[in-house]
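Visitor: the following block contains a protein sequence and its predicted model.
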Amino acid sequence: MADQPLILWFRRDLRLSDHPMLAAAVATGRPLLPVFVLDAQAEALGAAAKWRLGLGLARFAEALAAIGQRLILRRGDALAVLQGLVAETGAAGVMWQRMYDPQAVARDTSVKADLRGKGLVADSFPGALLIEPWEVATGQGGYYKVYSPFWRAVSARGFAAPVPAVTAMRAPQVWPESDDLADWQMGAAMRRGAAVCLPHQRVGEAAALARLDAFIDTAVDRYKAARDFPGVIGATSGLSENLAWGEIGPRTIWAAGQRALHQGDAGAEHFCKELVWREFAYHLMHHSPHILTQSWREGWDAFPWRGDNRDAEAWRRGMTGEPFVDAAMREMYVTGRMHNRARMVVASYLTKHLLTDWRIGQAWFAECLTDWDEASNAMGWQWVAGSGPDAAPYFRVFNPTGQAEKFDSDAAYRRRWIAEISAKPGADALSYFAAVPKAWQSRTGAYPAPIVTLAEGRARALAAYAARGDGAAQTDTDARE
């Protein structure tokens, strides 16, 4: 019986270290069969996310091969594929790292029930988060709806050290057949944008660990002071890309941040707070899954956001005439990511100056981000729009010009990404025109005039918020902080 293999079902956990499931599987002494299933949920990923997943799978397969293993690829319904593999290999069962979005929970629950009903191993493990969403509660036993007390509760807990990297895995005597990753065409929807975006990716566990080390060594001390300035190169870790695909474990990052904190690095605590902000998003998604598709706050379903519109299309194309907004959107097309300060500004501009439904922005980010994370994306959009948790004051309107004056005073960020405002545009700015769809017919030329004046957009937003009847929106909210 000890020769019956275990199927290791990988999803967004493409690493060998800080991986409780993998460590537990190795400890059984059984042959192990790493598998990735391209099921309906993975097929539905946005263009950039699906492409980036494909890159991650290729790199993870190389890491497995280096220790004498293989990554078996199969396409289809997850339960049917796993059942088929059990039958083919005589496997004792399946192990996996948990996911927390409603679709994944429903899928995994069904898989676990079916396999256990057949007397097979079906075990799920933590590893994607510092703490499971149900393991932290308020004093009244409920879930946290505000970040600050959540941070205090989580940071006060001790976390186990990251699980060491697996360096050897027992292989099965016979390997099942595998699909060819190239046949899946994971980057098909990226079209010409893939070649532009590729140099900006740092794919795989080795790259993620190197990225963490470099950040801790050179930038964490100034993180709090510099993180809001998008023109400052290297001020942030860039690890959102790797965290999104599980190429690095959160406890690895936490441990590094804590070491820096204890060494006196000034920005280390704030760096750890940002990691726990991600935890907060998953905590909320677990306890209130409607945050993904509906207004999180009660009473917001009737808010008069516009549906999709021509202004939103200009926003999508980085052609609003507001340089800070357009720079951020163009950064996303070229790199697959966007600076966090810029994310807040572009989200505020869409939902408030353009009074457009946050779900339109949420969906576009899901299509374009290589570091797309369902929980963080939803919480971020609702936080800015005012309909989400901890969104106080919910009526804040970020002024793109004011934000640029404070956080991009030398215009380095705007010039880096907008060719039309520079006499000699650089490669990054010009790359935008090579990355976006040909159908947009984007080309260098005169920069567009603003599609709405900031005063007009702000007034329209404040009027809509004031109409909610609580009077709060009468406060000056021309946010420049």
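Guide: Good, I have the coordinates.
Visitor: tell me, what's the model's pLDDT at P437?
Guide: With respect to pLDDT, P437 has a value of 89.
Visitor: swap that for A472, please
Guide: On the pLDDT scale, A472 gets 47.
Visitor: would you map the strands across the stretch 351-481 of the chain?
Guide: 397-398, 478-479 (DSSP state E, counting those that start in this stretch).
Visitor: could you tell me the least trusted of these?
Guide: strand 478-479 (a mean of 48).
Visitor: quick one: low-confidence ranges for this structure?
Guide: 1, 391-392, 469-481 (pLDDT under 70).
Visitor: kindly report the domain assignment for it.
Guide: Here the domain parsing of the chain from automatic domain parsing is 6-128, 129-159+204-287, 310-479.
Visitor: most centrally placed residue in the chain?
Guide: Nearest residue to the geometric centre of the chain (CA atoms, centre = their mean): D373, 2.8 Å.
Visitor: helix or strand for the residue nearest to H287 when sequence neighbours are not counted, which one?
Guide: Closest residue to H287 in three dimensions, ignoring its sequence neighbours and counting by CB to CB, 6 or more residues apart in numbering: Y143, at 3.9 Å. To be clear about C-beta, it is placed using only N, CA and C from the backbone, and glycine gets the same treatment. Using DSSP states H and E, Y143 sits in no helix or strand.
Visitor: what about Y143, distance to W383?
Guide: Plainly put, Y143 is 17 Å away from W383 if you go by CB to CB, to the nearest Å.
Visitor: settle it for me: which of the two has more neighbours?
Guide: In this view Y143 and W383 are compared by other CB atoms under 10 Å, and W383 has more residues nearby, 22 against 16.
Visitor: you'd agree that one is up against R396?
Guide: No: W383 is beyond contact range of R396, at 10.1 Å (criterion: CB atoms under 8 Å).
Visitor: which elements pack onto the host helix or strand of E313?
Guide: Per DSSP H and E, E313 falls inside helix 310-316. Secondary-structure packing of helix 310-316 (3 or more CB pairs under 8 Å, 6 or more residues apart in numbering; DSSP states H and E): helix 323-335, helix 358-368.
Visitor: quick one: contacts for the closest residue to R297 other than its chain neighbours?
Guide: Closest residue to R297 apart from its sequence neighbours, by CB to CB, 6+ apart: S387 at 5.2 Å. The contact partners of S387, taken as CB atoms under 8 Å, 6 or more residues apart in numbering, are 295-297, 300, 303, 358, 394.
Visitor: please report how far S387 lies from W151.
Guide: Counting by CB to CB - S387 and W151 are separated by 22 Å.
Visitor: got phi/psi on the nearest residue in space to A244 that is not next to it in sequence?
Guide: In space, and not counting its chain neighbours, A244 is closest to D371: 4.6 Å by CB to CB, 6+ apart. With angles defined as degrees, to the nearest 10, D371 sits at phi -110, psi 30.
Visitor: how far away is D371 from A404?
Guide: 23 Å.
Visitor: ok, now A66?
Guide: 46 Å.
Visitor: and the nearest residue to W305 once chain neighbours are set aside, how far from E367?
Guide: Leaving aside its sequence neighbours, W305 sits nearest to D357 (CB to CB, 6+ apart; 4.0 Å). Taking CB to CB as the criterion, D357 is separated from E367 by 16 Å.
Visitor: again, but for L14
Guide: Distance from L14 to E367, by CB to CB: 22 Å.
Visitor: which one's more surrounded, those two?
Guide: Shown here are L14 and E367; by other CB under 10 Å, L14 has more neighbours (28 against 16).
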